[in-house]
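Peer 1: Starting from these lines, generate the structure:
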Amino acid sequence: MATQTGVLKFTGRLGNLIGYRVGGEYYLRSMPQRVRQSPRSKISGRCFGKASKLGAAIRHALEGIMDTASESTLGNRLNRALLGVLRQDDLHGMKRFIPRHFRALEGFCFTPHAELGRLLTVAPVVTRDGNGNIEVAVPAMEALNGHPQATHISIKALAVCIRPGYTAATAEQSEPVLLEMGKSSEAFTLTVPASPDAVSCVILEVTSLQEEHGRMYMLRNRKYAAAEVIAVLPPMVEHRGAVTYSRDEAQARRYRQPMPYLPGMIIHSPQRE
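Peer 2: Next up, the predicted model:
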């Protein structure tokens, strides 16, 4: 490993050399002549590829609609969280994303310097309506926590809809609700349009604002801005009796249906390997 000391520094491949950056320093190394991978390392590499591709899709979907500033560590932290979702799959040799396993993302914080529980003193309730839209019910609050110089706090909900195939994602947001500091707030509901056939990660975002001459300015202090996944909703499928089930639940119910018995019938049940 060599340090780049020239005026022009680079990252990436240049001939047989690879430049990379660690912190504020630039380093250089040569490409290996041959890379040998075991079957396990190949599986790990493919899993990382799946996680990083979905992680990039989620981050790109949130660009422009999330008010909190993006953290430099977000990409790596989100990729690790998605790898944890993949590793919960114990049915396939090559790990796959399973809708119900995305619940492991609940509690993931996009802002590591401020937790949502520090700014929001109540627990929101997340549900879907009949059209698949997401409703976030925020109970009444006696006191509001925010920046010491803030005159208002803004609360809004976002939904990242992970499309079937788990390589693409879209994001929608609710209208923000402004609450005045120093006053109690009544209960309210945030509505986010969402796709009923997608896994939806619901994010609640709280930011601090200051009013000056009738205009609102966001206070850019990362200790008083939080964005956290508060719920993950599985995709909806229609079912008799107006009851909705996720795809996994519907498949499980189909397999649990009792098989009709006929006299003299012999049933062979091959064991799972």
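Peer 1: burial count for Ala140?
Peer 2: Other residues near Ala140 number 10, with proximity taken as other C-beta atoms under 10 Å. Quick note: C-beta positions are derived from backbone N, CA and C, even for glycine.
Peer 1: Just give the nearest non-adjacent residue to it, would you?
Peer 2: Using C-beta to C-beta, 6 or more residues apart in numbering and skipping the chain neighbours, the partner closest in space to Ala140 is Ala187 (4.6 Å).
Peer 1: got a list of what the one you found touches?
Peer 2: Under the criterion of C-beta atoms under 8 Å, 6 or more residues apart in numbering, the neighbours of Ala187 are 137-140.
Peer 1: Of those residues, which belong to strands?
Peer 2: Secondary structure defined by DSSP state E assigns 137-138 of the contacts of Ala187 to strands.
Peer 1: most surrounded residue in the contacts of Ala187?
Peer 2: Taking other C-beta under 10 Å to define a neighbour, the member of those with the most is Val138, carrying 21 neighbours.
Peer 1: roughly how far apart are it and Leu62?
Peer 2: The gap separating Val138 from Leu62 is 21 Å, by C-beta to C-beta, to the nearest Å.
Peer 1: Same list, the contacts of Ala187, but as CSV with pLDDT and distance to Ala159 please.
Peer 2: Converted to CSV, the contacts of Ala187 look like this (pLDDT from 0 to 100; distance: C-beta to C-beta, whole Å):
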residue, pLDDT, distance to Ala159
Ala137, 96, 15
Val138, 95, 15
Pro139, 95, 20
Ala140, 94, 24
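Peer 1: Can you name the next helix or strand after the helix ranked longest in the chain?
Peer 2: If you go by DSSP state H, the chain has its longest helix at helix 39-62. Using DSSP states H and E, the next helix or strand after helix 39-62 towards the C-terminus is helix 74-87.
Peer 1: next one: that next one to chain centre, how far?
Peer 2: Its chain's average C-alpha position is 9 Å from that of helix 74-87, according to C-alpha atoms, centre = their mean, to the nearest Å.
Peer 1: Please apply the same query to stretch 80-93.
Peer 2: For stretch 80-93, the distance between its averaged C-alpha position and the chain's averaged C-alpha position is 15 Å (C-alpha atoms, centre = their mean).
Peer 1: and if you look at stretch 133-149?
Peer 2: On C-alpha atoms, centre = their mean, the centre of stretch 133-149 falls 21 Å from that of its chain.
Peer 1: Could you identify the most distant pair in the contacts of Ala187?
Peer 2: Checked with C-beta to C-beta, the contacts of Ala187 reach their widest spread between Ala137 and Ala140, with 10.7 Å between them.
Peer 1: quick one: Val160 and Val192 touch, right?
Peer 2: No: with contacts counted by C-beta atoms under 8 Å, Val160 stays clear of Val192, the gap being 10.1 Å.
Peer 1: all strands for the stretch 101-250 of the chain, in order.
Peer 2: Using DSSP state E, counting those that start in this stretch, the strands of the stretch 101-250 of the chain run over 125-128, 134-138, 152-162, 169-173, 177-180, 188-192, 199-212, 215-218, 226-233.
Peer 1: quick one: what helix or strand has Tyr20 in it?
Peer 2: Tyr20 is part of strand 17-22, with elements assigned from DSSP H and E.
Peer 1: Show the model's pLDDT score for Ser41.
Peer 2: Reading off the confidence values, Ser41 has pLDDT 78.
Peer 1: Would you mind measuring from it to Phe48?
Peer 2: In this structure, Ser41 and Phe48 are 10 Å apart, going by C-beta to C-beta.
Peer 1: Comparing these two, which residue is more hemmed in?
Peer 2: Higher neighbour count among Ser41 and Phe48: Phe48, with 15 against 11, using other C-beta under 10 Å.
Peer 1: quick one: contacts for that one?
Peer 2: With C-beta under 8 Å, 6+ apart as the criterion, the residues that contact Phe48 are 79, 83.
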